[in-house]
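Trainee: quick one, what's the 3D model for this:
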Amino acid sequence: MNIIYLHGFNSDGEGWKSAALRRHFPKAQVQAPDLPADPQAVKKIVENCINHCATPPLLVGSSLGGFYAYYHSSLHHLRAMLFNPSLSPHLTLDDRGIGVFKTWTQGRPYHFKREYLPVLEQMKADASRQQDQKLLYFFLATDDEVLNHQSLPAQFPEAHVQWFPQAGHGFSKFEKVLKLMKKEF
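Mentor: Here you go, the predicted structure:
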């Protein structure tokens with residue numbers, strides 16, 4: 001099994017979620033790249049990860065990484081586990097995401113520029129036109145303090161959607177989901 005983990009905004013590939021994936025799926029090849037701010041560069045990195053998989057990978061993404069997993073799921077017809085995904089990052093990052101930041105885990109500096117927003121908007125449009133909803137598994141916190149997911153079930157009626165109380169935007173119940181998903185994946 002191949003798994004590609006795509007982290008969220010202000011995060012790094014080698015964090016507690018990628019470590020949890022390796023623990024729960026010890027026989028899997030888990031790739032967890034550090035994603036840059038530039039969405040065009042992210043597309044190249046994820047494409048490279050997909051191309052290095054011997055079998056079709058399972059995409060796992062959190063927040064902004066959930067958006068990138070959604071996008072690549074649509075392009076390659078791959079299953080994707082999406083944890084509190086930011087499916088409209090061109091809107092959610094418009095004000096609070098513009099600027100110079102450091103990632104929480106590694107303190108890796110990056111600059112998220114306003115010019116990235118139209119690229120993200122186009123990626124969303126491209127993905128939405130060709131997405132197979134049956135390949136999407138949404139795991140949503142009822143208390144996400146960053147994103148509102150209330151409209152997702154109506155937007156994706158054929159997707160798998162599960163709600164979790166008291167998980168927050170960082171999705172503290174990530175490992176609980178992995179334990180449940182071992183049987184399906």
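
Trainee: correct me if wrong, but Asp126 is in a strand.
Mentor: No - the assignment for Asp126, made by DSSP: H, G, I helix; E, B strand; the rest coil, is helix rather than a strand.

Trainee: that one and Phe156, how far apart?
Mentor: 17 Å (C-beta to C-beta, to the nearest Å). Using the backbone N, CA and C atoms, a C-beta is placed for each residue, glycine as well.

Trainee: quick one: which of the two has more around it?
Mentor: Set Asp126 next to Phe156 and count neighbours by other C-beta atoms under 10 Å: Phe156 wins out with 18 against 13.

Trainee: can you give me the distance of the residue lying closest to that one once chain neighbours are set aside to Pro153?
Mentor: Of all residues not flanking Phe156 in the chain, Gln133 sits nearest, at 5.0 Å (C-beta to C-beta, 6 or more residues apart in numbering). Separation of Gln133 from Pro153 (C-beta to C-beta): 11 Å.

Trainee: what ranges does the chain have for its helices?
Mentor: 16-24, 39-51, 64-76, 89-92, 116-130, 152-155, 174-181 (DSSP state H).

Trainee: adding mean pLDDT and distance to Gly8, write those out as TSV.
Mentor: Below are the helices of the chain laid out as TSV (pLDDT from 0 to 100; distance: least, C-beta to C-beta, whole Å):
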stretch	mean pLDDT	distance to Gly8
helix 16-24	96	9
helix 39-51	98	12
helix 64-76	97	5
helix 89-92	94	10
helix 116-130	96	14
helix 152-155	92	17
helix 174-181	90	12
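
Trainee: could you export the ones you listed as a markdown table, including distance to Thr142?
Mentor: Output for the helices of the chain, formatted as a markdown table (distance: least, C-beta to C-beta, whole Å):
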| stretch | distance to Thr142 |
| --- | --- |
| helix 16-24 | 20 |
| helix 39-51 | 29 |
| helix 64-76 | 17 |
| helix 89-92 | 18 |
| helix 116-130 | 24 |
| helix 152-155 | 12 |
| helix 174-181 | 14 |
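
Trainee: what's the most buried one of the ones you listed?
Mentor: Stretch with highest mean neighbour count among the helices of the chain: helix 64-76 (a mean of 25; mean count of other C-beta atoms under 10 Å).

Trainee: chain center to that one, what's the gap?
Mentor: Its chain's average C-alpha position is 7 Å from that of helix 64-76, according to C-alpha atoms, centre = their mean, to the nearest Å.

Trainee: go on, stretch 16-33?
Mentor: 14 Å.

Trainee: I figured Met123 hits Val46, correct?
Mentor: No - taking contacts as C-beta atoms under 8 Å, Met123 lies outside contact range of Val46: 11.2 Å.
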